[in-house]
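Visitor: A predicted structure for the sequence below; I have some questions about it.
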Amino acid sequence: MTSTHALKLKNSGVYPTAQRLAIADMLFDRHQHFTADSLQEALIFNGIKVSKATVYNTLKLFVEKGLVNELVIDSQKCFYDTNTSHHHHFYNIDTGELTDIESITPKMLESLSIPEGTTIDNIDLVVRLRNH
Ligand SMILES: [Zn+2]
């Protein structure tokens, strides 16, 4: 068990139960995109038995506490992201792979024409790709 992860949970107001810590150990060593299903598979692969409900509840809590970002691609597909800094994504429709867009700067979006009387609050860009 990694105590830095326990500390990370505590500092975010999440009580570090064994299951939450197991999930934190799975997630927080590197930036990654994952779904609830892929996380549960990885946990089971590592011999950690958690129910789907626990995975969903833990992810919901982590999102609420700002430990992971939730990214809804469509009504069927929701990703989670351990990189909680603001950034944009490529989504490959054919492979289902989500990757960060490194090359976009806020400057590039400044020229966007928006309806009069409004200001941009936030931009979440998902560029959908297809293989050819
Ligand atoms: Zn990302």
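Guide: The structure has been received and is ready for your questions.

Visitor: ok, and the closest non-adjacent residue to the residue nearest in space to the middle of the chain?
Guide: The chain has D81 as the residue nearest its centroid, 1.8 Å off, counting by C-alpha atoms, centre = their mean. Leaving aside its sequence neighbours, D81 sits nearest to N69 (C-beta to C-beta, 6 or more residues apart in numbering; 4.3 Å). From N, CA and C alone the C-beta is placed, and that goes for glycine too.

Visitor: next one: V72
Guide: C78 (5.2 Å).

Visitor: returning to what we had before: spit out the contact partners of the residue nearest to D81.
Guide: 63, 80-81, 83-84 (C-beta atoms under 8 Å, 6 or more residues apart in numbering).

Visitor: Out of these, which end up buried?
Guide: Among the contacts of N69, those that count as buried by neighbour count (16 or more other C-beta atoms under 10 Å) are 80-81.

Visitor: which of the contacts of N69 come close to the ion?
Guide: Restricting those to those touching the ion (C-beta under 5 Å from the ion) yields 81, 83.

Visitor: Next, count neighbours for Y91.
Guide: 19 (other C-beta atoms under 10 Å).

Visitor: Pretty sure it sits in a strand.
Guide: Yes: per DSSP: H, G, I helix; E, B strand; the rest coil, Y91 lies within a strand segment.

Visitor: From what I see, it and D74 are in contact.
Guide: No: when contacts are counted by C-beta atoms under 8 Å, Y91 is not listed as touching D74 (9.4 Å).

Visitor: Which strands border the one helix or strand C78 maps to, and is each parallel or antiparallel?
Guide: If you go by DSSP states H and E, C78 is part of strand 77-81. Applying DSSP bridges, strand 77-81 is found paired with strand 33-34 (antiparallel), strand 69-74 (antiparallel).
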